[in-house]
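**Student:** A predicted structure for the sequence below; I have some questions about it.
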Amino acid sequence: MQAPMLVLKNTSKRESGRKVQISNIQAAKTISDVIRTCLGPKAMLKMLMDPMGGIVMTNDGNAILREIQVQHPAAKSMIEISRTQDEEVGDGTTSVIILAGELLKVAEPFLLENMHPTVVIAAYRQALEDAVDIMRKDLATAVDINNRAEMIKIIKSSLGTKFMKGWNDLACGIALDAVKCVHIEDRGHKEIDIKRYAKVEKVPGGSIDMSEILDGVMFNKDVTHTGMKRRIENPRIVMLDCNLEYKKGESQTNLEFMQETDFRRILQLEEDYIKQICDDVIALKPDLVLTEKGVSDLAQHFLLKAGISAIRRLRKSDMNRVARAVGGQIVHRTDELKEADVGTNCGLFEIKKFGDEYFTFLTKCKEPKACTILLRGASKDVLMEVERNLQDAMNVARNVMMDPYLVPGGGAVEASLAHRLMEKSKAIQGVGQWPYRALAEALKVIPKTLMQNCGVNTIRTMTTLTAKHATGGTTWGVDGDTGDIVDMNDFGVWDTFQVKSQVLKTAIETAILLLRIDDIVSGVKKQSDIEAEKMAGKFQEQQPQEPAGEE
């Protein structure tokens, strides 16, 4: 009898076929069960401890999964889709995980009945195309982005499921104003860069009600000299990206003096250089100088004599925001300064003290294109959660401005799609109609989960909802607080089309990806082997250096 042939190393572990597919589905189901209670207004918070001992309290799907350490490769790809969803549209991170888990769960019976995964995949692909098509044509309604009340209503439906729902009006107003502030339209091209130009500053202390959006920017800095002014109205601001101190050599510099006067001469040259660059700045008569680099004591002296306040070592990102808020340009050399570079749009410069820290405020700007959101709250953990909620709200506002279409929220769009796809499946020939139907059934997991989190009778309520959609009502959904079936037109919960279509695309494509895997090979190495290899590598690197000088 022939001996078995080994192709893989003894340390490698290989799983293939049905076993892999079932284990992938189990992993995905486990991840989606972790997140399930985080959907809807009655969502529970999760408390996680990171390896450093810090605490995260949140119900944001992406924030939770980011902190969880997982071993299984399929579970890792599930966590990845939550991050994709967050980066792409900023909302729907919980829905996408729940839906992807459910899609894999409904595919399991077909695999156990020996249906080929490619048949299931083809049906899922077809269903995805049909679902996005139905959503765009039949369920989406256009929205007027200039109607403030409408916009706030949309943002509210995103924040209704979050920690901040007690301060809904405040948060929605802040999010909408921030997005409108950074919105730039140039020759038909829209740009809304929240990440770079809408900075969130978290200052512990006070209450959440004291949070506000500034018509300008703030940063955690104080003036360099105690004698400088700390409050100036209508300041002229010069922004520099160069040192206001003597240039030091790149590496070590040695000077050799022949006479005693040479040393004085060198010191005089340094002083003259600093006086020259300060004179270049003072010539423009600014009230405030901001620089990304240092300001020497001598430069502070010259600026103080001229009645100019100076702030040093600003971050590059802060400086870019200041430039967008107050007008003017960031200048890289003082001898190139001209009048057009001076920022004159700022109405008030002042420095305030919160706790032990000093903060610089540049506010009352005329038409600023960058802003800062000042968040106050009881503790660091509260502020972190409020910031996450606010990011979601700003993303929703941005999505509506980029693609002004809405679909009914509260599980209405999923229930409607489930009904429409069920009807469509009757026209499909062959065995593909069963996975297609299973996908339609899986979509109901969103309204079902909303009901479960409210604690109502899921089966009875779900039957009522299905009946409403079967009789032609496309806007009936679940009231996330009470679990009742309500018409979203009257109830006023709307989701953005962009978020919902992205949820469907990401969830279905991930399910397809995981169903296509039929083999997992993992090279398992012992720690001692890895260390032995490292040592061998180091030994080889050191080897050739020894005999070099002998010949």
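**Tutor:** Now that the structure is in, tell me what you want to look at.
**Student:** next, the buried residues of stretch 440-453.
**Tutor:** Along stretch 440-453, these residues count as buried under the neighbour rule (16 or more other Cβ atoms under 10 Å): 440, 442-453. Backbone N, C-alpha and C define where each C-beta goes, glycine included.
**Student:** and if you look at stretch 210-230?
**Tutor:** Quick answer for stretch 210-230 (16+ other Cβ under 10 Å): 211, 213-219, 221, 223-224, 228-229.
**Student:** same question, stretch 339-349
**Tutor:** 341-343, 345-346, 348-349.
**Student:** ends of that stretch, how far apart?
**Tutor:** Length of stretch 339-349, first residue to last, Cα to Cα, to the nearest Å: 20 Å.
**Student:** residues touching that stretch, excluding its own?
**Tutor:** Outside stretch 339-349, the residues within contact range by Cβ atoms under 8 Å, 6 or more residues apart in numbering are 216, 231-239, 284, 286-288, 309, 322-323, 325-329, 331, 360-368.
**Student:** mark which of those residues are buried, thanks.
**Tutor:** Buried subset of the contacts of stretch 339-349 (neighbour count, 16+ other Cβ under 10 Å): 216, 232, 235-239, 284, 286-288, 309, 322-323, 325-328, 331, 360-365, 368.
**Student:** now, the contacts of stretch 339-349 that are in strands?
**Tutor:** 231-233, 237-239, 288, 309, 331, 360-363 (DSSP state E).
**Student:** and the residues you listed, which two are furthest apart?
**Tutor:** 231 and 331 (25.0 Å; Cβ to Cβ).
**Student:** just give me the closest of the buried residues of stretch 440-453 to residue 89.
**Tutor:** Proximity of the buried residues of stretch 440-453 to residue 89 (Cβ to Cβ) peaks at residue 446, which lies at 16.2 Å.
**Student:** that closest one in helix, strand or coil?
**Tutor:** Judged by DSSP: H, G, I helix; E, B strand; the rest coil, the three-state class of residue 446 is helix.
**Student:** who touches it in this structure?
**Tutor:** Residue 446 is in contact with 39, 95, 98-99, 411, 414, counting by Cβ under 8 Å, 6+ apart.
**Student:** would TSV of these with distance to residue 167, neighbour count and secondary structure be doable?
**Tutor:** Output for the contacts of residue 446, formatted as TSV (distance: Cβ to Cβ, whole Å; neighbours: other Cβ atoms under 10 Å; DSSP: H, G, I helix; E, B strand; the rest coil):
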residue	distance to residue 167	neighbour count	secondary structure
39	21	24	coil
95	23	29	helix
98	27	24	helix
99	29	27	helix
411	25	30	coil
414	29	29	helix
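**Student:** nearest to residue 134 among these?
**Tutor:** Of those, the one sitting nearest to residue 134 (Cβ to Cβ) turns out to be residue 414, at 11.7 Å.
**Student:** what's near enough to touch the closest one?
**Tutor:** By Cβ under 8 Å, 6+ apart, the neighbours of residue 414 are 443-447.
**Student:** and the residues you listed, which is closest to residue 505?
**Tutor:** residue 443 (13.4 Å).
**Student:** quick check, that closest one in contact with residue 416.
**Tutor:** No: with contacts counted by Cβ atoms under 8 Å, residue 443 stays clear of residue 416, the gap being 9.2 Å.
**Student:** give me the pLDDT for the residue sitting furthest away from the middle of the chain.
**Tutor:** What lies farthest from the middle of the chain is residue 259; by Cα atoms, centre = their mean that is 62.2 Å. Confidence at residue 259, expressed as pLDDT, is 83.
**Student:** check residue 61 too.
**Tutor:** 79.
**Student:** show the average pLDDT along stretch 28-46.
**Tutor:** Averaging pLDDT along stretch 28-46 yields 85.
**Student:** list the buried residues of it.
**Tutor:** Within stretch 28-46, the residues that qualify as buried are 28-29, 31-32, 34-43, 45-46, counting by 16+ other Cβ under 10 Å.
**Student:** same question, stretch 453-460
**Tutor:** For stretch 453-460, by 16+ other Cβ under 10 Å, it's 453-454, 456, 458.
**Student:** which one of those is nearest residue 79?
**Tutor:** residue 453 (21.7 Å).
**Student:** please, which helix or strand holds that closest one?
**Tutor:** Using DSSP states H and E, residue 453 sits in helix 445-454.
**Student:** chain center to that helix, what's the gap?
**Tutor:** 26 Å (Cα atoms, centre = their mean, to the nearest Å).
**Student:** got it, and stretch 460-476?
**Tutor:** Mean-position distance between stretch 460-476 and its chain equals 35 Å (Cα atoms, centre = their mean).
**Student:** ok, residue 157 to residue 142 distance?
**Tutor:** For residue 157, the distance to residue 142 equals 17 Å [Cβ to Cβ, to the nearest Å].
**Student:** can you check residue 37 too?
**Tutor:** From residue 37 across to residue 142, the span is 35 Å (Cβ to Cβ).
**Student:** remind me which residues of the stretch 201-350 of the chain are low pLDDT?
**Tutor:** Within the stretch 201-350 of the chain, the segments meeting pLDDT under 70 span 249-250.
**Student:** contact partners for residue 241?
**Tutor:** Under the criterion of Cβ under 8 Å, 6+ apart, the neighbours of residue 241 are 291-293, 319, 330-332.
**Student:** and of the residues you listed, the nearest to residue 462?
**Tutor:** Of those, the one sitting nearest to residue 462 (Cβ to Cβ) turns out to be residue 319, at 54.7 Å.
**Student:** quick one: neighbours of that closest one, just the number.
**Tutor:** 19 (other Cβ atoms under 10 Å).
**Student:** and what of the one 5 residues further on?
**Tutor:** By the other Cβ under 10 Å criterion, the neighbourhood of residue 324 contains 23 residues.
**Student:** quick check: it touching residue 365?
**Tutor:** No: using Cβ under 8 Å as the test, residue 324 is too far from residue 365 to be in contact (9.4 Å).
**Student:** thinking again about what came up before, list the residues that contact the residue farthest from the centre of the chain.
**Tutor:** By Cβ under 8 Å, 6+ apart, residue 259 has no neighbours at all.
**Student:** in the helix or strand hosting residue 130, what's buried?
**Tutor:** Under the criterion of DSSP H and E, residue 130 resides in helix 117-134. For helix 117-134, burial by neighbour count (16+ other Cβ under 10 Å) applies to 117, 120-121, 123-124, 126-128, 130-132, 134.
**Student:** turn those residues into a markdown table, columns for pLDDT and distance to residue 355.
**Tutor:** A markdown table is the format used below for the buried residues of helix 117-134 (pLDDT from 0 to 100; distance: Cβ to Cβ, whole Å):
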| residue | pLDDT | distance to residue 355 |
| --- | --- | --- |
| 117 | 88 | 58 |
| 120 | 90 | 58 |
| 121 | 91 | 57 |
| 123 | 91 | 59 |
| 124 | 91 | 54 |
| 126 | 91 | 59 |
| 127 | 91 | 55 |
| 128 | 91 | 52 |
| 130 | 91 | 56 |
| 131 | 90 | 51 |
| 132 | 90 | 50 |
| 134 | 89 | 54 |
